[in-house]
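J.: the amino acid sequence is not available; the structure is as follows:
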C-alpha cells in the first residue's frame with residue numbers, strides 16, 4: 001500500500017512519535033512530560049532509579065523505495081549545532097541526553113530509543129560530518145535490535161485503506 005500524506009502529516013507524525021515515546025516510558029515507570037524547549041522534546045524521570053533523561057524525537061514517514069533512507073538527527077550546516085542544543089537543554093534540566101527515532105513505513109513502524117552516549121560510541125561515525133544520522137538499512141537495524149542499550153519497538157501498521 002502506498003502512503004499518501006496529508007498537508008499536515010509532518011506535524012501529525014511528529015506529535016504521534018512524541019506521544020508514542022511518552023507511552024513507552026510511562027509504561028516503564030517513568031514520569032513523563034512533553035516540553036516545548038529548543039533541543040529536547042521530552043523529559044522523563046524514573047523515581048526508583050532516579051534516572052532523568054531528556055529526549056529529542058525524530059519522526060519520519062518512508063514511502064515505498066525510501067524505507068532504508070537514514071534519519072537525520074543533528075545538523076551542523078549553516079552555523080547550526082543541533083547536538084549542542086540537546087546537550088545544553090539537558091544540562092539546564094539536569095538530565096541525560098537521549099535520542100528517539102520513529103520511522104513508519106507502509107506496513108510497519110520502528111521505534112528506537114538510546115542514550116546519546118551509546119549512539120556516539122557505537123553508531124555516530126565521523127565527527128567531522130555535516131549531519132549525524134540514524135541508518136535504517138537492514139545491517140544497521142540488526143545491530144540496533146541486538147544492542148541491549150537500544151530499546152526497540154515494532155508496530156504493525158497493516159490496515160485496509162479508507163478509500
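T.: Structure's in. What do you need? Owing to the predicted nature of the structure, the values given are computational and were not obtained by experimental measurement. Numbers count the residues shown, from 1 in each chain.
J.: got the contact list for residue 70?
T.: Counting by Cβ atoms under 8 Å, 6 or more residues apart in numbering, residue 70 makes contact with 133, 134, 135, 136. Just so you know, the C-beta spots here come from the backbone N, C-alpha and C atoms, and that holds for glycine as well.
J.: could you measure it against residue 106, distance?
T.: Between residue 70 and residue 106 the computed distance is 18 Å (Cβ to Cβ, to the nearest Å).
J.: could you do residue 130 as well?
T.: Distance of residue 130 to residue 106, computed by Cβ to Cβ: 30 Å.
J.: could you do residue 60 as well?
T.: Residue 60 is 13 Å from residue 106, by Cβ to Cβ.
J.: out of these two, which sits in the busier spot?
T.: Using other Cβ atoms under 10 Å as the criterion, residue 60 and residue 106 rank with residue 60 on top: 21 against 15.
J.: I figured that one hits residue 13, correct?
T.: Yes - between residue 60 and residue 13 there is a contact at 7.2 Å, judged by Cβ atoms under 8 Å.
J.: overlap in contacts, those two.
T.: Shared contacts of residue 60 and residue 13, counting by Cβ under 8 Å, 6+ apart, come down to 102, 104.
J.: per-residue confidence for residue 5?
T.: For residue 5, the pLDDT comes out at 66.
J.: and the end-to-end length of stretch 145-153?
T.: 9 Å (Cα to Cα, to the nearest Å).
J.: ignore what I typed, I meant stretch 59-78.
T.: 22 Å.
J.: same question for the lengthiest helix in the chain, mean pLDDT?
T.: The longest helix of the chain (DSSP state H) is helix 9-27. Across helix 9-27, pLDDT averages out at 91.
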